[in-house]
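Q: just a sequence and a predicted model for now, questions to come.
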Amino acid sequence: MKLAFPIFALLAAAAVASAGIADARPAKPAAPACDRPTFRVILDVGHTAQEPGAVSARGVPEYDFNLRLARRIAAALVKAGFAHTVLLLTDGAAQPALLARVQRANAMQAQLFVSIHHDSVPEFLLAAWEFLGADGRFSDRFKGHALFVSRDNARFRQSLAFAQLLGRALKSHRLEYTPHYTLKLMGPRRRLLVDARAGVYRFDQLVVLKDARMPAVLLEAGSIVNRAEELSMESPERQALIAAAMVEAVEKFCAAGRQ
Ligand SMILES: [Zn+2]
């Protein structure tokens with residue numbers, strides 16, 4: 001009989017709620033879903049100083065672009081309260097460096113891994129030109145960013161969720177993704193577009209994505225062989241837009257507790 005009153009009270013409360021009348025009692029403060037100071041994002045700087053990846057239309061190594069943008073994103077994340085953000089820099093030749101960066105990332109107990117790259121095109125699409133008296137190679141055919149996730153990552157669903165958040169955030173800043181990875185001419189670099197709104201592709205075999213034990217996404221931030229986009233990628237304004245989109249996506253991912 002002792003329980004009669006609480007049960008009655010509960011039923012009464014349910015009736016009030018179903019009638020659409022607001023409960024006047026103060027709501028219990030919810031536990032924060034996102035603890036920014038302890039939420040660790042690894043920003044992986046693509047390639048190494050020794051093997052710097054693609055070469056821009058004006059002869060600048062991709063690694064320089066990756067490092068500059070990753071630093072800018074890291075600063076924006078730290079400013080937003082994600083104090084544990086880590087910039088992952090790797091040395092040496094490509095293959096050992098690839099394995100080393102995944103091992104180091106896995107040892108760091110991070111909630112998110114984002115690899116920062118800048119895009120090029122297959123060799124046969126490149127044309128010659130001269131810039132400041134030096135020979136360069138370019139292709140103005142494609143521009144825009146692209147996001148990649150691996151189905152073989154142990155946290156594939158979370159990886160995809162973050163990539164979609166980032167793709168939408170980039171779009172909200174008027175940045176367009178490139179659809180050219182769906183084209184037949186891309187040959188072995190052709191990818192499956194899994195989210196046509198957010199610009200997310202599957203790249204299952206990519207080592208840094210499949211072997212990372214946390215949700216992992218690779219961002220090709222823009223094409224540096226496109227002569228106009230290369231200049232844009234060098235501008236602090238474009239870098240700030242990408243950094244702002246990254247902060248928004250990390251905030252939403254962290255708040256959703258998906259990690
Ligand atoms: Zn790259």
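A: Yes, it's here.
Q: just give the nearest non-adjacent residue to the residue in the stretch 51-200 of the chain that the ion sits nearest to, would you?
A: Proximity of the stretch 51-200 of the chain to the ion (C-beta to the ion) peaks at His117, 3.5 Å away. Yep, even glycine has a C-beta here, placed from its N, CA and C like the rest. Nearest residue to His117 in three dimensions, chain neighbours excluded: Gly46, at 3.9 Å (C-beta to C-beta, 6 or more residues apart in numbering).
Q: and that neighbour, how far from Val247?
A: Per C-beta to C-beta, to the nearest Å, Gly46 is found 20 Å from Val247.
Q: more neighbours: which of those two?
A: Gly46 (26 against 19; other C-beta atoms under 10 Å).
Q: now do the helix of greatest length in the chain: which elements does it pack against?
A: As assigned by DSSP state H, the longest helix anywhere in the chain is helix 236-255. Packing partners of helix 236-255 (3 or more C-beta pairs under 8 Å, 6 or more residues apart in numbering; DSSP states H and E): helix 62-79, strand 112-119, helix 156-172.
Q: got CSV for the ones you listed, with mean pLDDT too?
A: Below are the helices and strands packed on helix 236-255 laid out as CSV (pLDDT from 0 to 100):
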stretch, mean pLDDT
helix 62-79, 98
strand 112-119, 98
helix 156-172, 98
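Q: winner for burial among these?
A: Each of the helices and strands packed on helix 236-255 was scored by mean neighbour count; the highest is strand 112-119, a mean of 27, by mean count of other C-beta atoms under 10 Å.
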